[in-house]
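K.L.:
My questions are about this predicted structure, shown below with the sequence.
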Amino acid sequence: MMKFGLGNGALDAWSSARSSIWSSIWRVAAVAAVTGLCACSPQSLLLRAAADQLAGQGQASEEDLLLARDASAFYLKLSESVLRQTPGHLPLAEAVAGGFTQYAYAFVELEADRIESTDAKAAQRLRERAARLYARALRHAMAALEQHRPGFADALAGKATALQLPADQVAVAYWAAAAWGAHISLSKDQPDAVADLPRAVALARLAWARDPDHGDGALASLMGSFEAARPGGSMRQAEAYFDRAIAAGAGRNAGPWVAKAETLALAVGDRAGFEALLRQAISIATAHPSLANALMRERAQWLLASADDRF
């Protein structure tokens, strides 16, 4: 099953400690209280203030995977509720789409991979849940893009080369493409979902045309995954994308190393290369602690432990 690398920079941008979330909620509540007392600000201004506060919480880094998992669910639900009232708020759309995508990847899909050998039915249920979460992320991201350019989704089905993304929409487009690709990878038995792959690739290319190094290599890693997955894709070009992602990470991000191992080395049966890439990922994750690197270290260790089952 093709894995879509999300990239360490993007994962770190999403992670929030529980204290940060409660601080955000307190500030949102304070804004609401002041607005109610003064009776001088319309509801739209209150919602935008709340959206600004919630979107800003996506920048804190949390190294503890369990704490991040426990804290993120409430944050996502609260942010999603505000986003529904302010669908064109790009920073909040980025935070919500990224949050659902990474929650699905880090705490649902990867858990399915770990338990598949012992409980295939439970693993399938987890993958179905992950697919729903990816679809949810995609809806929010595309709604924000549509808000700024009506007909955007339909235009992707045509000549996407005629489209251009403003710089402030790249992050939302990245998350839409990442969620789309991940959803497709879990929906191989649904022809309608698989048929959307060209549109997902087109969206990623639009983001790439504007900012190829977005997310410290996150977008480059996603481009590598798409290139390897799409019909007629070039493994050589996919490798070039992954190498660019590694370079953009400047030796601090383990994600592209894991993605390259799973996507390329595994596909061609290169066990030595597979293990070397994973060991490098573990070394980087140990040297540069972060939520994203902690996740990638666990993933790399699990892949190494189960290498006999893959080659």
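P.N.:
Nice, I can see it.
K.L.:
quick check, distance from stretch 279-289 to the centre of its chain.
P.N.:
Remark: stretch 279-289 is offset 20 Å from the chain centroid, using C-alpha atoms, centre = their mean, to the nearest Å.
K.L.:
sorry, that was for stretch 283-300
P.N.:
Centre-to-centre, stretch 283-300 and its host chain are 17 Å apart (C-alpha atoms, centre = their mean).
K.L.:
buried ones in it?
P.N.:
284-285, 288, 290-300 (16 or more other C-beta atoms under 10 Å). For the C-beta atoms, the positions are set from N, CA and C on the backbone; glycine is no exception.
K.L.:
Which of the residues you listed fall within helices?
P.N.:
I284, A285, L291, A292, N293, A294, L295, M296, R297, E298, R299, A300 (DSSP state H).
K.L.:
which two in these are spaced the farthest apart?
P.N.:
Of all pairs drawn from these, the greatest distance, 15.0 Å, lies between L291 and A300 (C-beta to C-beta).
K.L.:
Averaged pLDDT, the biggest helix by length in the chain. What do you get?
P.N.:
In the chain, taking DSSP H as the definition, the longest helix is helix 120-148. The pLDDT scores in helix 120-148 average 96.
K.L.:
and that helix, how far out from the chain's middle?
P.N.:
Remark: helix 120-148 is offset 11 Å from the chain centroid, using C-alpha atoms, centre = their mean.
K.L.:
Then stretch 183-201?
P.N.:
17 Å.
K.L.:
That stretch: which residues count as buried?
P.N.:
For stretch 183-201, burial by neighbour count (16+ other C-beta under 10 Å) applies to H183, I184, S185, L186, S187, A193, D196, L197, R199, A200, V201.
K.L.:
can you tell me which of those residues are in helices?
P.N.:
In this view, those that belong to helices under DSSP H are H183, I184, S185, A193, L197, R199, A200, V201.
K.L.:
Identify the residue spatially nearest to the last one, adjacent ones excluded.
P.N.:
Leaving aside its sequence neighbours, V201 sits nearest to F226 (C-beta to C-beta, 6 or more residues apart in numbering; 5.0 Å).
K.L.:
how many other residues sit next to the one you found?
P.N.:
Using other C-beta atoms under 10 Å, F226 is surrounded by 27 other residues.
K.L.:
Does it belong to a helix, a strand or coil?
P.N.:
Judged by DSSP: H, G, I helix; E, B strand; the rest coil, the three-state class of F226 is helix.
K.L.:
Quickly note the distance from it to E275.
P.N.:
Remark: distance between F226 and E275 (C-beta to C-beta, to the nearest Å) = 25 Å.
K.L.:
now swap in S72 and tell me
P.N.:
Look at S72 and E275: by C-beta to C-beta, they are 32 Å apart.
K.L.:
Compare neighbour counts for these two and give me the winner.
P.N.:
The residue with more neighbours, out of S72 and E275, is S72; 23 against 17, by other C-beta under 10 Å.
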